[in-house]
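Student: output the structure for:
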Amino acid sequence: MIKLHDRITRMRTQTTVVTERGQVSIPAAIRRELNLKPGQPLVWEKLSDRECLIRIPQKKKPLGAKAMLGFAARFRGEKGRPTDKWMAILREGEK
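Tutor: Presented below is the predicted three-dimensional model:
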């Protein structure tokens, strides 16, 4: 019977091979466990001559105008509304 510690160690230590183009595949079990998606950035940090640390950077929330992209789309109906209708709705509270 396989001990739990042995199973956990095997999950965390898997071997891959570097291709001629310098590419490495991340084992599927690790991709699933870390919820990695295609295009996901990874940060590589050299710790010593034989060790590397690979970190998953936190997603940064957009600031400024980029934060507003798509915001107005939430308020559109299926066909959208003309600006004058929206302005009337928004100004109802001002009366």
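Student: can you list the weak-confidence ranges in the chain?
Tutor: Under the criterion pLDDT under 70, the flagged ranges of the chain are 1-11, 72-79, 95.
Student: let me see the domain layout of it.
Tutor: 4-55, 65-94 (automatic domain parsing).
Student: mean neighbour count added to the ones you listed, as a markdown table?
Tutor: Every C-beta, even on glycine, is put in place using the N, C-alpha and C of the backbone. Below are those laid out as a markdown table (neighbours: other Cβ atoms under 10 Å):
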| stretch | mean neighbour count |
| --- | --- |
| domain 4-55 | 9 |
| domain 65-94 | 9 |
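Student: tell me how far the ends of stretch 35-49 are from each other?
Tutor: The straight-line separation of the ends of stretch 35-49 (Cα to Cα, to the nearest Å) is 29 Å.
Student: now it, how far from the centre of its chain.
Tutor: Its chain's average C-alpha position is 13 Å from that of stretch 35-49, according to Cα atoms, centre = their mean, to the nearest Å.
Student: with stretch 13-23 instead?
Tutor: Worked out by Cα atoms, centre = their mean, stretch 13-23 lies 23 Å from the chain centre.
Student: contacts for it next, please.
Tutor: V24, S25, I26, P27, A29, I30 (Cβ atoms under 8 Å, 6 or more residues apart in numbering).
Student: out of these, give me the two with the largest separation.
Tutor: V24 and A29 (15.2 Å; Cβ to Cβ).
Student: for R91, give me the backbone phi and psi.
Tutor: Main-chain torsions, R91, degrees, to the nearest 10: phi -90, psi 0.
Student: what of K66?
Tutor: phi -60, psi -30.
Student: where do the strands sit along this protein?
Tutor: Secondary structure of the chain (DSSP state E): strands at 43-48, 51-55.
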